[in-house]
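Peer 1: Provided below for reference: sequence and predicted model.
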Amino acid sequence: MTGNSLDRHVPLYAQRTAGMRASAVRSLFAVANRPEVVSLAGGMPYLKSLPLEAVAAEAAALVSQDGLVALQYGSGQGIAELREQICQVMSLEGIVAHPDDVVVTVGSQMALDLTTRIFCDPGDVILAEAPSYVGALSTFTAYQATVVHVAMDDDGLVPEALEAAIDSVRRSGRRAKFLYTIPNFHNPAGVTLSAERRVRIAQLCREAGIPVLEDNPYGLLGFDDTVHRAIRADDADNVIYLGSFSKTFAPGLRVGWVLAPHAVREKLVLANESATLNPPVFNQMLISRYLAGFDWQGQIKAYRQTYAERRDAMIGALTAHMPAGTTWTHPEGGFYVWVTLPEGFDTAAMLPRAVTARVAYVPGTAFYHDGLGARQMRLSFCYPTPERIVEGVRRLAGVLESELDVMRTFGTGGAGGTVAPRQVRGPASPSPDTA
Amino acid sequence: MSDRHVLVLAGGLTHEREVSLRSGSRLTEALRRQGTEVTLRDADASLLPWVAEHRPDAAVIALHGGRGENGAVQGLLEMAGIPHVGTRSHDCRLSWDKPTAKTLVQRVGFPTPNWITLAHNTFRDLGAAAVIDALIGALALPLIFKPHQGGSALGASVARTAAEVPNALVQAFAYGDVVLVEQFVEGTEIAVTVVDSADGPRALPAVEIVPDSGVFDYESRYTAGLTTYWAPARLDAATAAAAADLAVAAHQALGLQDVSRTDAIVDASGRVQFLEVNVSPGLTETSLLPMSVEAAGEDLGGLYLGLVEQAIARG
């Protein structure tokens, strides 16, 4: 008689699958999707403001007029017309680029994967902000890279901290393969890299021979209509730029892109073909028609206005309801507010209590490679209405009050407490709800 | 083939929603393979109007935690006149509350690890340090701390030192205001499914659980490959019979109906001790009941279809 582990492939799995496990924290997001719950967890764009009827007509016309192309295999680099339009989109951020250097990918998540694939061997170091995007950390982990986090403040990545991290990695005999950064309306931190720091960081990385992987899904979603100049705009040789239509149009189409120096682009095209043969032609052509035939910049303005109202609702509610000692960032664009609770809180361990109270967030530990972030959480304001956001924050305040009550009882909440930090793991990989 | 229309309820707004969705999906598939018409639905605001309109022949509750196990959904189905597989609503509450279940099983003469049930406000009002000292003094380490209701080991943890106790309590209180503190018994963890038949309740072969990590927590339960299961359990005949007796006794003492799963531990002396019982056992790919059914040489869909007919016959 032999026991059954229910998975006879266990001895065969690659080492990189070791972290792919069921997670109690992740399972709680199944509840977050229910309408009874105010989900401040998901980074889902508010698609209701899209001209859906018109997009539907465009999709129908695409099939009837160009179906033989749209439904066929396509180029591994992406269709030429869309790549030209992508260059026009990027020109809003000061980027001058040739369509030949653009590779269309299955969302910018795929671009992240491909870039990591072509640069990183197991054990290589990637520099990333502290905190950083959960989906990027998941990809880096899948390629068995080590993430070294670099501190941020209200003006984004701190150049002095980057310099120190580069030195430290070098002294340890390891090699940093690139700096991963989200300069605009950071996910999850909500902050934006100042113009001066963009120049300094580009210079530091160039001098150190470390490429910059500039991930910019939120760049056009600045609430005061400011479009920040991309790092790539001033450094075409050492910056690999990732863009996406997920936040400015529709994430369900899964179309993003990477703009890279010529030699890197060649490898990315081959890697893209190896991974997917080609990005979906129909989706690319639909986006191309959307960019050509619709006031897409007007749509982005509408998004900005919607998200600005929601940001205001969230900041107002946080100000009204959060306990003393709680701090949060003030995003000027994008989707997220990063909240830091007083000492002693553990947002991953607290999540069941929040779900019971019908509110959800993403625990801070999800955004660190090294287990930090226990008393932090990401709140998204992109999807719920302002009224629901206020209600969600009010519920969250009740959760914090109950948690504080337990903490007071058991003597945690600062130095001298009797409760050690709890070892509760955050979601190790993004579900579509937390991306 | 069956001409029945069966409602399978899964999901719900509990911490175990994801597990329940997987259970419901698996059960639906198993019943459909039997040729039964099945509607799989969430327990939400649209449920009761749907039931009133469609009047299914019977319902199977694959909801885990909360309303699926505390009798609420059972009670609503009973009021709507829809026969359902499983324990009657009033009886559900006895097994749903772990300390109550332990008390009732102990009363009929079966062993269960010593325990105490404590609410958060007991610690707050009497002083956490004093209460912790008292419970360590009375029960002795190691101790296991569980939310008094709920499953899938959510919020449960073992404290082997006094320093670990506050942490374990805080973790359990994240799932509710009352905690079951129990002596932690080292031994062989087993689960015994009991099924009602015309001849009375019968125990299916026990399943033995050996998690790689030593702890059968959420990760070990729902990640295939992290736990080794033995079905039937590697027990000698006397111990296997004792396990079956315990599970059947718990089923009867708690007034359970159709199907239940008793979790127990075989301690170092070979004694089988009751831990808890489940009126809506998990039916996922990594769940214990389906393994037990397979070890008995039976089919999950066939078993549940028989229970559906039993429920309809009860009316």
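Peer 2: Ah, there it is.
Peer 1: hmm, A:G333 is touching A:F185, no?
Peer 2: Yes - using Cβ atoms under 8 Å, A:G333 is in contact with A:F185, at 3.9 Å. Every C-beta, even on glycine, is put in place using the N, C-alpha and C of the backbone.
Peer 1: quick one: which of these two has more around it?
Peer 2: A:F185 (28 against 24; other Cβ atoms under 10 Å in any protein chain shown).
Peer 1: thinking again about what came up before, residues shared between the contacts of A:G333 and A:F185?
Peer 2: Common contact partners of A:G333 and A:F185 (Cβ atoms under 8 Å, 6 or more residues apart in numbering or on different chains): A:T192, A:Y218, A:L221, A:G222.
Peer 1: next up, the contacts around the residue nearest to the last one when sequence neighbours are not counted.
Peer 2: Nearest non-adjacent residue to A:G222, counting by Cβ to Cβ, 6 or more residues apart in numbering or on different chains: A:G333, 3.9 Å away. Applying Cβ under 8 Å, 6+ apart to A:G333 gives the contacts A:N184, A:F185, A:T192, A:Y218, A:L221, A:G222, A:F223, A:T226, A:R304, A:Y307.
Peer 1: so the last one sits in a helix?
Peer 2: In other words, A:Y307. Yes - counting by DSSP: H, G, I helix; E, B strand; the rest coil, A:Y307 is located in a helix.
Peer 1: do you know how far it is from A:P251?
Peer 2: If you measure A:Y307 against A:P251 using Cβ to Cβ, to the nearest Å, the figure is 15 Å.
Peer 1: what do you get for the fourth one?
Peer 2: Using Cβ to Cβ, we find A:Y218 at a distance of 13 Å from A:P251.
Peer 1: of those two, which one has the most company?
Peer 2: Taking A:Y218 and A:P251 together and counting by other Cβ under 10 Å, A:Y218 has the greater number of neighbours (27 against 21).
Peer 1: in chain A, which spans are strands?
Peer 2: Using DSSP state E, the strands of chain A run over A:38-39, A:102-105, A:125-130, A:146-153, A:156-157, A:176-181, A:212-215, A:239-244, A:256-259, A:327-328, A:336-340, A:359-360, A:362-363, A:376-380.
Peer 1: right, so of the ones you listed, which gets closest to B:N167?
Peer 2: Closest to B:N167 of the strands of chain A is strand A:362-363 (Cβ to Cβ; 17.1 Å).
Peer 1: ok, the residue nearest in space to the middle of chain A - contacts?
Peer 2: The centroid of chain A falls nearest to A:Y133 when counting by Cα atoms, centre = their mean (4.2 Å). Counting by Cβ under 8 Å, 6+ apart, A:Y133 touches A:I182, A:N187, A:P188, A:D215, A:F367.
Peer 1: ok, the second one touching A:W338?
Peer 2: In this case it means A:N187. No - between A:N187 and A:W338 there is no contact under Cβ under 8 Å: 9.3 Å.
Peer 1: which stretches in chain B count as helices?
Peer 2: B:17-33, B:47-54, B:72-80, B:89-96, B:98-107, B:120-126, B:128-139, B:165-173, B:218-222, B:237-253, B:288-295, B:300-314 (DSSP state H).
Peer 1: circling back: ok, so of the contacts of A:G333, who is nearest B:L235?
Peer 2: A:Y218 (58.8 Å).
Peer 1: relative to A:A313, how far out is that closest one?
Peer 2: Using Cβ to Cβ, which is the criterion applied here, A:Y218 is 19 Å from A:A313.
Peer 1: and if you look at B:A203?
Peer 2: When B:A203 is compared with A:A313 (using Cβ to Cβ), they lie 56 Å apart.
Peer 1: could you do B:L77 as well?
Peer 2: 40 Å.
Peer 1: the two - which one has more neighbours?
Peer 2: The neighbour comparison of B:L77 against A:A313 (other Cβ under 10 Å) goes to B:L77, with 24 against 20.
Peer 1: bridging across strands, which residues link to the closest residue to the more buried one other than its chain neighbours?
Peer 2: In space, and not counting its chain neighbours, B:L77 is closest to B:H84: 4.6 Å by Cβ to Cβ, 6+ apart. Here B:H84 sits in beta bridges with B:A59, going by DSSP bridges.
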